[in-house]
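[1] mind looking at a prediction? Sequence and model below.
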Amino acid sequence: MNIAIKRKKHILGLFYGLFGGAAFSVTAWGFDGWLLSHAHAAFPWLNFIAGLMICIIVAALAGWLTARLDSSMIGILVWMSVACLLLGLRFGYLYTSHLTSCGLSTLACEAGWNFLIIQA
């Protein structure tokens, strides 16, 4: 395969991961941030920004790696592991220490992991 085509393929894989990570972050934390901003909570977008950075980096790396390795089986394994990582991040299994409050992660709140509850 031509070098220019390979390079374009790697860049497109990177952008595919960037957009996938951003879309996951918006759907996972965007609505919570919007609700918290309308409730005048302190730092309403903190969870969204932290999740966005992590999701974009992990998904961009996965997209680039999938395009780089050029193997569908390895690509499936890479994206399945990224999906498990991001879902664990979303539902509070990976960072519940200071960023989880009621309304941000209902699963964490049901488990009793309320570390940052802002009283009005």
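    Perfect, I can see it now.

[2] worst-scoring helix or strand of this protein, pLDDT-wise?
    helix 106-110 (a mean of 51; mean pLDDT, DSSP states H and E).

[3] where does pLDDT dip in this protein?
    Confidence mapping of the chain against pLDDT under 70 gives the ranges 1, 92-120.

[4] the helices in it, which residues?
    Assigned by DSSP state H, the chain shows helices spanning 3-25, 31-38, 46-69, 72-90, 106-110.

[5] could those helices go into TSV alongside mean neighbour count?
    (C-beta placed from N, C-alpha, C; glycine too.) Shown next, in TSV, are these (neighbours: other CB atoms under 10 Å):
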stretch	mean neighbour count
helix 3-25	16
helix 31-38	15
helix 46-69	19
helix 72-90	15
helix 106-110	14
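
[6] distance of residue 75 from residue 24?
    Per CB to CB, to the nearest Å, residue 75 is found 17 Å from residue 24.

[7] closest to the centroid, which residue in the protein?
    In the chain, the residue lying closest to the centroid (CA atoms, centre = their mean) is residue 55, at 3.1 Å.

[8] leaving out sequence neighbours, find the closest residue to it.
    Distances taken as CB to CB, 6 or more residues apart in numbering put residue 21 closest to residue 55, at 3.9 Å, once the chain neighbours are dropped.

[9] and residue 16, by the same measure?
    residue 63 (4.4 Å).

[10] I'd assumed residue 10 was in contact with the one you found.
    No: the pair residue 63 and residue 10 fails to qualify as a contact (CB atoms under 8 Å) at a distance of 9.2 Å.

[11] kindly export stretch 26-42 (C-alpha atoms) in CSV.
    Listed next in CSV are the C-alpha coordinates belonging to stretch 26-42 (Å, rounded to 0.1, in the frame of the first residue of the first chain):
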residue,chain,number,x,y,z
VAL,A,26,-21.3,14.3,25.4
THR,A,27,-23.9,11.6,25.7
ALA,A,28,-22.5,10.3,29.0
TRP,A,29,-21.9,13.6,30.9
GLY,A,30,-23.3,16.4,28.8
PHE,A,31,-26.9,16.3,30.1
ASP,A,32,-25.7,16.0,33.7
GLY,A,33,-23.5,19.1,33.3
TRP,A,34,-26.4,21.0,31.7
LEU,A,35,-28.8,20.0,34.5
LEU,A,36,-26.2,21.0,37.2
SER,A,37,-25.5,24.3,35.5
HIS,A,38,-29.2,25.2,35.6
ALA,A,39,-29.4,24.1,39.2
HIS,A,40,-26.5,26.6,40.0
ALA,A,41,-24.3,23.8,41.4
ALA,A,42,-20.6,24.5,42.0
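
[12] thanks a lot, catch you later.
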